[in-house]
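S.K.: Next one to model:
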Amino acid sequence: MTALYERLSRDDELQGESNSILNQKKMLMDYATSHDFPGPVHFTDDGISGTRFDRPGFTAMMEEVRKGNIRAILIKDMSRLGRDYLKVGQCMEYLRQQGVRLIAINDSVDTFVNEDDFTPFRNIMNEWYARDTSKKIKSVFRAKGNSGKHVASTCPYGYLKDKNDGNHWIVDEEAAKVVRRIYQMTIEGYGPYQIARTLERDKVEIPGVHMARFGQGLHQHSKIKDPYHWSSSTIVSILRKPEYLGHTVNFKTAKHFKDKKSHYVSQDNWVIFENTQEPIIDRETFELVQKIRGQVRRYPDGWGEIHPLTGLMYCADCGAKMYVHRTNNGKRIPQYTCSAYTKVPVGTLCPTQHRVNEQNVLILIRDILRSIAEYSDLDREAFVRAVCEAQEKQNTSDVEKLKQTLEAGRRRLEDLEKLICRIYEDNILGKLPDERYRILSSSYESEREKLTESVRCCKKELQEYNKNLHGAERFIELVDKYTSFDELTNPMLLELVDKVLVHERDVKGAIDCTQEIEIFFNFVGRYLPPDFESLPTQEELDNLEKKRKKKEKAHRAYLRRKESGWQKAYEAKVKAEKKAKMDAMKEELREEDMEKGIFLVVADCPEGIPTVVREGDSLNGKVKNNDNVR
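M.R.: As a prediction, the model looks like this:
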């Protein structure tokens, strides 16, 4: 068999009729007939770039070569085989090993007749042509994208291209309602998988099917088995798109001229033009969703409870996140502890666990929010003024520190550039040994990378401070959304609270102690209403002094017991008492849970069936459905 291989890319079409598939087929067939090549068979790739080697026609031809069915391959010129000189060279070597003759008619290449030393250079030129064409096309797209026009071939779900102006997007209200619903469900605590299954259950068309109805999108001619099967990745993609704010976002992906695959680029390299079309999602909702997506999911614990503070609690000393645990004394009391403290070896990354009761933090947040709401209702102007003053005072200090850090970083970067140039010159002149130069150069480069990242972070933080100059009004708008703070829900906490910093207690182990907790709200930072900042009375000061002395006395007694060795015996005694008390309380809880249908008695449970079943399953020793057993 003789293979006649033709290929035409979109760029080749611009060069005229001579490169058309029909002309290539005629040229190759005439050559095969005139030179008596037996059994000519055409293998064609139309509209596919030569930088790709997964072309259907090329793949089919190489499969026949592998089977030993092809003895010769005819092509118009070497660029038809491909425009990647390394892969073309590998292909030619493979054909030589298989004993297949390769003939490029216009380039006078015949691997059985002569060795053409210029062929490798010709392949390099063919690749250079593809690279040069790619640069020209990218420059055109870059110019279009930098002018504020959309460079994406399709618009996101929720928008449609204007029939009169392809560069203008209009809101598709039917799809926009679905987008808003997805964002709202995320705020309410639903994950991407749960949202996808809800939309599927409600028979909402997936984006590809919906946009195909309007003759837009990438799936206009695709056959989709289930038009309502939403995937989690689709939900995540919708939740990440800043285009829903009404912005044009260009250059989010990039392609290499060889593999033609899209690669996501850093967000710093995006080009964003704001307010170019009607927004679907407001900025507050979008930022809240991004915050939710960036935090850990609040999964139910072993008792089916969800802890809304997870992801908001941080250790004030080491900055690590705090996670919820339960006390080991038979009581279901959730407490947060520093995650860095528990890492082995314990106490290395953070000296103490900063334990705090979850309910105490929730009560504190609730009381502050109630006070803020009352203060705002009583005198809104005074409240705005007080928040602005507190924010300005706090920001002035923070911004000043950031500016000092930024300026110091910039100065050090300038010094490093000079030092790098100096040691390079010293090395060239022979004043600095090569080994010493490599050590210094590596050290300076490492320091420069860290400083560059630090400067970038400082600039970003300064920009955030500038954005939040009018944070008081935005915070009040959030507070006004809620009429009651009796119950703090997930959406409420995420909208209002930025983070909670927990300090260690003043005296560890004491029944009565003082623990500082800093609550930072969104847009305004740390703010306390006037009634929380009022000075204590003399009577309260006296009580605090009595408690302080009592703590110190208990702490001194603890240190004496520890020094004398009595502490171990004391702890063993206390531990035994606690264990006895805990066992008794556990037994009471177990009896209560058995009455509620949570536990089965081991003796009453059939063999092979776990002793823990879900509420609602049969408790007479038989399980209705084994799928419900956990």
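S.K.: Just give me the longest helix of the chain.
M.R.: Longest helix of the chain, by residue count under DSSP state H: helix 380-428.
S.K.: Give me the mean pLDDT for it.
M.R.: Taken as a whole, helix 380-428 carries a mean pLDDT of 81.
S.K.: go on, stretch 289-299?
M.R.: Rounded mean pLDDT across stretch 289-299 is 73.
S.K.: cool, stretch 79-97 as well?
M.R.: Mean pLDDT, stretch 79-97: 84.
S.K.: For residue 217, which residues are in contact?
M.R.: Listed by C-beta atoms under 8 Å, 6 or more residues apart in numbering, the contact partners of residue 217 are 154, 207-208, 211. All C-beta atoms are positioned from the backbone trio N, CA, C, and that covers glycine.
S.K.: Over to residue 243?
M.R.: Going by C-beta under 8 Å, 6+ apart, residue 243 touches 155-156, 159, 249.
S.K.: Can you verify my assumption that residue 111 contacts residue 96?
M.R.: Yes: in this structure, residue 111 is within contact of residue 96 by C-beta atoms under 8 Å, at 6.3 Å.
S.K.: re earlier: of the contacts of residue 217, closest to residue 404?
M.R.: Among the contacts of residue 217, residue 154 lies closest to residue 404 (C-beta to C-beta), at 47.2 Å.
S.K.: Could you pull out the buried residues of stretch 543-556?
M.R.: residue 551 (16 or more other C-beta atoms under 10 Å).
S.K.: correction: stretch 438-445
M.R.: In stretch 438-445, counting by 16+ other C-beta under 10 Å, buried: 440-441, 444.
S.K.: Among the residues you listed, which one sits closest to residue 54?
M.R.: Distances from residue 54 to those, taken by C-beta to C-beta, are shortest for residue 441, at 42.1 Å.
S.K.: Show me how the record splits this structure into domains.
M.R.: 2-143, 150-293, 304-533 (automatic domain parsing).
S.K.: Tabulate those in a markdown table, adding columns for distance to residue 560.
M.R.: Shown next, in a markdown table, are the domains of the chain (distance: least, C-beta to C-beta, whole Å):
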| stretch | distance to residue 560 |
| --- | --- |
| domain 2-143 | 75 |
| domain 150-293 | 49 |
| domain 304-533 | 14 |
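S.K.: closest to residue 592 out of those?
M.R.: Comparing the domains of the chain by C-beta to C-beta, domain 304-533 comes nearest, at 11.3 Å.
S.K.: roughly how far is that closest one from the heart of the chain?
M.R.: With C-alpha atoms, centre = their mean, to the nearest Å as the basis, domain 304-533 stands 20 Å off its chain's centre.
S.K.: now swap in stretch 281-296 and tell me
M.R.: With C-alpha atoms, centre = their mean as the basis, the mean position of stretch 281-296 lies at 12 Å from the chain mean.
S.K.: Kindly report the same for stretch 150-167.
M.R.: Relative to the centre of its chain, stretch 150-167 is centred 26 Å away, using C-alpha atoms, centre = their mean.
S.K.: Endpoint to endpoint, stretch 325-345 covers what distance?
M.R.: For stretch 325-345, the first and last residues are 19 Å from each other (C-alpha to C-alpha, to the nearest Å).
S.K.: about what we covered before: so of the contacts of residue 243, which ones are in strands?
M.R.: With strands defined by DSSP state E, the entries of these inside them are 159, 249.
S.K.: Rebuild the contacts of residue 243 as a markdown table, extending it with pLDDT, neighbour count and distance to residue 372.
M.R.: Converted to a markdown table, those look like this (pLDDT from 0 to 100; neighbours: other C-beta atoms under 10 Å; distance: C-beta to C-beta, whole Å):
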| residue | pLDDT | neighbour count | distance to residue 372 |
| --- | --- | --- | --- |
| 155 | 90 | 21 | 41 |
| 156 | 91 | 20 | 37 |
| 159 | 93 | 24 | 38 |
| 249 | 88 | 21 | 36 |
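S.K.: Out of the contacts of residue 243, which is nearest to residue 85?
M.R.: Among these, residue 249 lies closest to residue 85 (C-beta to C-beta), at 36.0 Å.
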